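# Give the three-dimensional model of this entry:
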Amino acid sequence: MSLPPLVEPAPELTVDEVRRYSRHLIIPDVGMDGQKRLKNAKVLCVGAGGLGSPALMYMAAAGVGTLGIVEFDEVDESNLQRQIIHSQADIGRSKAASAKDTVLGINPYVDVRLHEERLDSSNVLDLFAQYDLIVDGTDNFATRYLVNDACVLLGKPYVWGSIYRFDGQASVFWSEHGPCYRCLYPEPPPPGMVPSCAEGGVLGVLCASIGSIQVNEAIKVLAGIGDPLVGRLMIYDALEMTYRQVKVRKDPDCAICGENPTVTELIDYEAFCGVVSDEAQEAAAGSTITPKQLKEWMDDGEAIDVIDVREPNEYEIVSIPGARLIPKDGFLMGDALGDLPQDKRIVLHCKTGVRSAEVLAVLKNAGFSDAVHVGGGVIGWVHQIEPDKPVY
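Prediction:
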């Protein structure tokens, strides 16, 4: 679908800018007019992580005049495997500040605006209203639905990307010309059903593949060239090295962009996406212990069976001494219940406490009423008990 340019062209390019963008200027489809539109564009990147890193760097190199960065996190060593906008020297720094330095190192003509805050329903409309286009580099469902709904309410297009292990997806959602994210995914998956990248991992270079597709689409939308991914979902499999497309049609019954919308204002997205299910929250209430409590039980020789519900690859990185591995799926399928002792108290843990809470609900329903889980998981254990161990 060919669409008109999103922004008007800037009055002119300086001599230095002409030299810098000469390889764009000699492309007939871009030319002087397209480059002036990029210069005049204001693009907000939500996140400066795996997808935000290549997106920000290539938008800066392409000459997008104003780049906003929404990011509240700090650079961690585990980020550096894929978040190439940051370096070893940036560990512990604000990701937004680190990203700004890299962007200006690539292109000093870019106006970089930092928004060092968590994006939520209280600030998203005001932030998005300042920009022409949004590039979504988030990694959780609550923020994805928030970004989508804010863009629909404001009538703004946004470029979406998603990554997990070896798989990536990308699309352009613009409710005035096609479907929105809710047309593709009307409801979030059940809590715990889809692991995050922190739980399941992601191939670092996959971020560059999907992030560059996002920038490609952003340039097309801003300059009004080519055929943007409006109404199409691009699916990339890095292991098989295949790209395929799926058509996405506007849903007339969509909750926010349909003919009779039921979502007419921003909602509580954490509750909508159910980061932890109601059953898990109920099971964890009064049945959550701290890593220090677990250590005391171990030292006192309490009759406990410590069970790690993560995946084998995670267990190999770091584990709590004496914990045995039974991945979460074994409990959800019911296969693991027969392996549990009746004469010991079951103590569950995962990486941070989300998956173990879900398993705890299963055990409570199966009659293990005294089972508990470790709040904070193995990350909490490392921070409080064995700080010399690695975290991931």
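# which stretches of the chain have low pLDDT?
For the chain, the stretches with pLDDT under 70 are 190-199, 274-275.
# buried stuff in the longest helix seen in it?
As assigned by DSSP state H, the longest helix anywhere in the chain is helix 204-223. Using 16 or more other C-beta atoms under 10 Å as the test for burial, helix 204-223 gives 206-223. Placement of C-beta: from N, CA and C, glycine included.
# Please apply the same query to stretch 363-376.
Buried-residue list, stretch 363-376, by 16+ other C-beta under 10 Å: Leu363, Lys364, Phe368, Ala371, Val372, His373, Val374, Gly375, Gly376.
# check contacts around the first one.
Contact criterion C-beta atoms under 8 Å, 6 or more residues apart in numbering gives Ala283, Phe331, Leu337, Leu340, Ile346, Leu348, Ala371 as the residues in contact with Leu363.
# In helices only, show me the residues you listed.
Ala283, Phe331.
# Pull out the buried members of the contacts of Leu363.
Here, 16+ other C-beta under 10 Å leaves Ala283, Phe331, Leu340, Ile346, Leu348, Ala371 buried among these.
# Check those and tell me the two furthest apart.
Ala283 and Leu340 (15.5 Å; C-beta to C-beta).
# thinking again about what came up before, any chance of the contacts of Leu363 in JSON lines, with distance to Arg232 too?
Converted to JSON lines, the contacts of Leu363 look like this (distance: C-beta to C-beta, whole Å):
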{"residue": "Ala283", "distance to Arg232": "42"}
{"residue": "Phe331", "distance to Arg232": "39"}
{"residue": "Leu337", "distance to Arg232": "44"}
{"residue": "Leu340", "distance to Arg232": "48"}
{"residue": "Ile346", "distance to Arg232": "48"}
{"residue": "Leu348", "distance to Arg232": "42"}
{"residue": "Ala371", "distance to Arg232": "47"}
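# Which one of the contacts of Leu363 is nearest to Gly52?
Closest to Gly52, out of all of the contacts of Leu363 and judged by C-beta to C-beta, is Leu348, at 33.8 Å.
# how about the residue nearest the centre of the chain, secondary structure?
Centroid-nearest residue in the chain, with C-alpha atoms, centre = their mean: Asp139, separated by 1.0 Å. Put simply, Asp139 is coil when judged by DSSP: H, G, I helix; E, B strand; the rest coil.
# is it true that it touches Ala48?
No. Taking contacts as C-beta atoms under 8 Å, Asp139 lies outside contact range of Ala48: 12.0 Å.
# could you list every residue that touches Arg324?
Contacts of Arg324 by C-beta under 8 Å, 6+ apart are Asp305, Val306, Ile307, Asp308.
# quick one: which of these is most hemmed in?
Per-residue neighbour counts (other C-beta atoms under 10 Å) across the contacts of Arg324 peak at Asp308, which has 27 neighbours.
# which residues does it bridge with?
Assessed by DSSP bridges, Asp308 has beta-bridge partners Leu325, His349.
# Surely it touches Val318?
No. The pair Asp308 and Val318 does not pass the contact test of C-beta under 8 Å, sitting 10.1 Å apart.
# what's the overlap in contacts for these two?
By C-beta under 8 Å, 6+ apart, the residues touching both Asp308 and Val318 are Val378.
# if we can go back for a sec, for the contacts of Leu363, which one is nearest Asp16?
Checking those one by one against Asp16 (C-beta to C-beta), the nearest turns out to be Leu348, at 60.2 Å.
# ok, the closest one - contacts?
Per C-beta under 8 Å, 6+ apart, neighbours of Leu348: Ile307, Val309, Ser356, Val359, Leu360, Leu363, Ala371, Val372, His373, Val374.
# so how far is Lys292 from it?
17 Å (C-beta to C-beta, to the nearest Å).
# Look at Leu44 and give its secondary structure.
Assigned with three-state DSSP, Leu44 falls in the strand class.
# so how many other residues sit close to it?
24.
# Does it touch Tyr131 like I think?
Yes. At 4.0 Å, Leu44 and Tyr131 qualify as touching, with contact defined as C-beta under 8 Å.
# who touches both of these two?
The contact lists of Leu44 and Tyr131 share Gly68, where a contact means C-beta under 8 Å, 6+ apart.
# what about stretch 224-231, start to end distance?
16 Å (C-alpha to C-alpha, to the nearest Å).
# Show residues contacting that stretch.
Counting by C-beta under 8 Å, 6+ apart, 1-6, 29-30, 34, 37, 157, 170-174, 177-179, 217, 219-221, 247-250 sit against stretch 224-231.
# 6 Å instead, please
1, 4-5, 29, 171-172, 174, 177-178, 217, 220-221, 248 (C-beta atoms under 6 Å, 6 or more residues apart in numbering).
# Drop anything exposed from those.
Pro5, Ser171, Val172, Trp174, His177, Gly178, Glu217, Lys220, Val221, Val248.
# how far away is Gln35 from Ala223?
8 Å.
# Oh, that last question was meant for Ser2, not what I typed.
12 Å.
# Could you do Gln214 as well?
15 Å.
# Which parts of the stretch 251-392 of the chain are helices?
Using DSSP state H, counting those that start in this stretch, the helices found in the stretch 251-392 of the chain span residues 269-273, 278-284, 291-299, 312-317, 328-332, 354-365, 377-384.
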